[in-house]
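In: sharing a model that was predicted from the sequence below.
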Amino acid sequence: MKLKTKLKMLSDFRKVWMCAILALSCMAMTNAQTVSGTVTADGQPLPGATVIVKGTTKGTTTDFDGNFSINAEASNTLSISYVGYSSKEVLVGNQTQINVSLEEDNKLDEVVIIGYGTQRKSDLTGSVSSVSAEDITAVPVARVDQALQGRAAGVQVTQTSGAPGAGTSIRVRGGNSITGSNQPLWVIDGIIVGTNFNLNNINSNDIKSIEILKDASSIAIYGSRGANGVILVTTKNGANIGGGKPQVNVGVYTSMQLVPERPKYLSQAEQIAYTNEDARFRGVAEPFPGNPSDYPDNDFFDLLLNPTPIYNADVSIAGASENGNVNYYNSLNFFDQDGLIENSGIKKFIFRSNIEFKLSDKLKSGFRVNYSRLNQKNGVVGYGGLLNILPTQPVFNDDGTYSGFNDVIGAPFNNPVATAKLDTDQTTTSNMLGTIYLEYSPIENLIIRSTFNPEINNWKRNEFTSSQRPDLTVVGETGNARLTGLSSFGWNNENTIQYTKDFGKDHSVTVLGGLSFQKTSFESFENQAFGITTDATSFNNLALGTDPTRNIVGSDFESNQIESLFGRINYSYKDKYLLTLVGRRDGSSVFAPGNKYNFFPSVAGAWKISEEAFMENQNVFQDLKLRASWGKSGNQAIDPYSTLSLYEEANTTLNGVQQPGVTLGRPANPDLIWETTSSFDIALEASLFRGKVFAEFNYYRKQTNDILLDVAIPRQTGFTSQLQNVGSLENKGWEFLVNSTNISNANFRWNTTLTLSSNKNKVLDLGGQEFIDVVVDQIVGAGNLRLIVGESAPVFTGANYLGTWKSQAEIDASGLNPGSQIVGGPRFENLNGDTTISNEDYVVLGSPFPDLIYGFENNFSYKNFDLNIYFQGTVGNEVYNLRTRGNFWTRGENPKFSEIADRWTPDNQTSDIPRAGHDGFSNVVPSSYDVEDGSHLRLKTATLTYNFPVDKIGLKGIKAMSIYASGTNLLLISDFKLIDPETSRFGNDGLGNIAQGFSNGEYPNAQVLTLGVNVTF
């Protein structure tokens, strides 16, 4: 064929192609039409309702009168939605006017995230609590776990400290372990990040929703790691946003943290009088022989605590292509919080990018990346330490140098003002969390998905104790520096295949199968140098340490792997009777051969009672569902290599010369296995009065067996104890949730949410032992915390405090050793009638677990104003006040609670507060006076928002704008001496795993006032 002929044919083809395109365009233009309408609810217009052409990103919102206008084709379907109302879909056809009335939202129609998938809440057979993005961002929080407090029934969230960046202790339906962790498993965008993931790495504003899986049916899919509950975090994407154009959101707020109320102590003059009285009674010289005005009256709280700011800025860009084949969400976050105490605070830089691609009708792909950089000043001065300093202690010497000696006790004094200025304690953390996935649907209803999820974490802590610190210089000591670090790399590969099939009109089955692999490796180091005589290089030159005998050099490596095979079957008959079967087989490297694998099954069923014929002629229940589940889940509970024997350093002497060596420090136990929790759950869910009220009630019981405990073994083995699976405990309780729309019209809307829950925890077995003492205070020793068969795990124990001895005759009649008792001294109940108060006289004094946990939220909307008020609290829990020993019982060298002013004296012999100086004679033991009621009510947040009517005031280019004022921790009602009973002295891991409810004067939770603005372009 000649070239000219080819060119002519190509030209003709181009003409035909252009004509075809023109014809199709004309047809499209012909079919396209302008559709107008009004969206209402209860006869009133709904301004701000969303109208979208289904399957596209084309959309609009209704104006103040509920009106909208949009271009659509006859074959298109319009999707109309509004927060708090059920969505509706309408086929356009030949309609040019479409009016829609929305009904109150039916909570059972919500789609929730479950393990490896999604489901309508009405189809759930398991117990899942949902927290929306609106709940999370209702108040500015530094960490997402702080936003969960009181919002999910059955979930107890306790702030361990008010320090910047501090975490929480979370218990989902109680604690299941004694030795292992009780924290829930966190899963972020399908990535299993574990129980100890640093939630400072995640920006709360990036979160779309949170689901908390609580019962066996929902958590069994996570097998050996799900026993403590699973928290699923889903971040935002750009689907259905922007209509082909990027949507930009900017949020900025600034906060002021106010110094909270502090415990009440004796005044300077009262303290001087007590200290002198104490000294006289003990027969030593009075520390303060002059007038109170002769001595300092320093308030170390005022010197070191000040109102401090918080700054936060968020920018996100989200959207989708016009055809919807690509959607994206990218964000940047900067957060800067100064601590109330000088030299504490945190700065966070977080970047996220979520991008999804529809490569074809059958193939999808995407990736999500979250990178964070945290710079934290850990605080070198503890709030509790300030409670131990007498106001008479000078800050400076007469020559202007820092004071470093305490004349009252004749010992060096760690001057907190100097320490805050001179010492350093900083942590730098970088974290990269990512996922990439490929999803393929070769045929209809079949989905094959594979994800790869890497995580890289680097953590480094720099500590420097200044050589100029006065308590060191007074004893001729020099400075020291310590560097510790941890780096880890982990990856997780999840592969699932899911098939959904309807059989006839009555049967529907969804089958899911999966294979998972996960590996994580950790490397750590520790270096510490002593004898540093200069502050010039701080922690940056450990070679300056001049005392090599004390220097520390160490490193460590750890690795673990898990492989899993899992499956789930969801069956529905007539959309009335639901059945779910789940099974997961896990294999873990932390166990010895023969015990590496275990299987965790569950079964659940649900009955949609409202679908039955006998429910047709009633107007109360829109939906009513009864569900029940049973199953098993696990907790690895041990660290890698725990089944192996452990060698420890043990030097010896050979020919008069010391030689390094090692010895067995721990016996091996290859028989260790998973702790296993079996649980039963039954629940009733109801949507009432046309969806205006949604209520849910759950009852559950779960038992954990094979709990790991250190068990005494014969000394002939060379050891005193061995870690074994011998214990068991039980949790049972109930949960109640009600969500109601009280008033709803065009101008005013009022919603209320109430959550109530109660959990009872009981030890069933301790390997044959009746009780185990847990030592939390080396001064007190054993006795104030116990694990007792038949009681909660744990309970506070001690002697009952009966007041003071009023006469010597009382002491003589008691049978107690008179040498350890004194008139005006403390009197404890002697249960066994011997001559001393000992462990045998101790009784159960309380438990850290509440009888009731509650949250109460009200949302009001009036025209352009929104008001959110949220209360939360507990009833019936106790707190062990570790400060009572030093600030109530002991000598005058410690500040005393204000109640000591009414102590026993010869002129006040009816007082039940012990006399000054009694501890020189009395044996002070853990007692009922140390245990206080931890019940409290907190106004957690109150937020007032104004939403600008951008269309009416002519703000072109701005889609939405709001300004808000918020307050956090505005009100606290509590009788606790240290003010805030929400505390955890030992954190949420290690000893803190079991030793909950202890307070030692932790960093306070500040009152926070916030002003912010959000703008959408």
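Out: Now that the structure is in, tell me what you want to look at.

In: go through stretch 785-792 and flag the buried ones.
Out: Residues of stretch 785-792 classed as buried by neighbour count (16 or more other CB atoms under 10 Å): 785-789, 791-792. All C-beta atoms are positioned from the backbone trio N, CA, C, and that covers glycine.

In: ok, stretch 288-308 next?
Out: Neighbour-count burial for stretch 288-308 flags 288, 292, 295, 298, 300-301, 304-305, 308 (criterion: 16+ other CB under 10 Å).

In: tell me how far the ends of it are from each other?
Out: For stretch 288-308, the first-to-last residue distance is 36 Å (CA to CA, to the nearest Å).

In: could you pull out the helices for the stretch 51-200 of the chain?
Out: For the stretch 51-200 of the chain, the helices defined by DSSP state H, counting those that start in this stretch cover 133-136.

In: below-threshold pLDDT in it: ranges please.
Out: Low-confidence segments of the stretch 51-200 of the chain (pLDDT under 70): 55-57, 64, 83-85, 104-109.

In: ok, the nearest residue to Ile202 once chain neighbours are set aside - contacts?
Out: The spatially closest residue to Ile202, leaving aside those adjacent along the chain, is Val144, at 5.8 Å (CB to CB, 6 or more residues apart in numbering). By CB atoms under 8 Å, 6 or more residues apart in numbering, the contact set of Val144 is 136, 199, 202, 204, 207, 210, 233.

In: between the buried residues of stretch 288-308, which is nearest Gly243?
Out: Relative to Gly243, the closest of these is Thr308; by CB to CB it sits at 42.8 Å.

In: bridging residues for the closest residue to that closest one other than its chain neighbours?
Out: Once flanking residues are discounted, Thr308 sits nearest to Asp338: 3.8 Å by CB to CB, 6+ apart. Beta-bridge pairing for Asp338 (DSSP bridges): Gly345.

In: burial of Asp338, as a residue count?
Out: Counted by other CB atoms under 10 Å, the residues lying close to Asp338 total 20.

In: sorry, back to before: format the contacts of Val144 as a markdown table; extra columns: secondary structure.
Out: Shown next, in a markdown table, are those (DSSP: H, G, I helix; E, B strand; the rest coil):
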| residue | secondary structure |
| --- | --- |
| Ile136 | helix |
| Leu199 | helix |
| Ile202 | coil |
| Ser204 | helix |
| Ile207 | strand |
| Ile210 | strand |
| Val233 | strand |
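
In: mind putting those residues in TSV, distance to Tyr383 and neighbour count included?
Out: Compiled in TSV, the contacts of Val144 are given as follows (distance: CB to CB, whole Å; neighbours: other CB atoms under 10 Å):
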residue	distance to Tyr383	neighbour count
Ile136	28	22
Leu199	22	20
Ile202	27	26
Ser204	26	23
Ile207	31	20
Ile210	31	23
Val233	31	24
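
In: what's the lowest-pLDDT member of these?
Out: Least confident entry in these, by pLDDT: Ile136, with 80.

In: my read: Ser922 touches Pro826, true?
Out: Yes: counting by CB atoms under 8 Å, Ser922 does reach Pro826; the two are 5.6 Å apart.

In: common neighbours of these two, please.
Out: Common contact partners of Ser922 and Pro826 (CB under 8 Å, 6+ apart): Pro914.

In: the two - which one has more neighbours?
Out: Pro826 (28 against 22).

In: and the more buried one, what is it in contact with?
Out: Contact analysis of Pro826 by CB under 8 Å, 6+ apart lists 801, 803-805, 889, 914, 918, 922, 924, 927.

In: which one of those residues is nearest Gly366?
Out: So of the contacts of Pro826, ranked by how close each gets to Gly366 (CB to CB), first place is Ser927, at 60.1 Å.

In: what ranges do the helices span in the stretch 351-500 of the chain?
Out: 383-386, 416-422, 470-473.

In: compare the ones you listed and report which one is nearest to Gly605.
Out: Proximity to Gly605 (CB to CB) singles out helix 383-386 among these, at 51.3 Å.

In: tell me which residues in the closest one are buried?
Out: Buried, per 16+ other CB under 10 Å, within helix 383-386: 383-384, 386.

In: go on, stretch 961-972?
Out: In stretch 961-972, counting by 16+ other CB under 10 Å, buried: 961-962, 964, 966-970, 972.

In: close enough to count as contact, Arg461 and Ser524?
Out: No: the pair Arg461 / Ser524 is not scored as a contact, 10.8 Å apart, by CB under 8 Å.

In: spit out the residues that contact these two alike.
Out: Residues touching both Arg461 and Ser524 (CB under 8 Å, 6+ apart) are 484-485.

In: neighbour-wise, which of the two wins?
Out: Ranked by neighbour count (other CB under 10 Å), Arg461 and Ser524 place Arg461 first, with 18 against 15.
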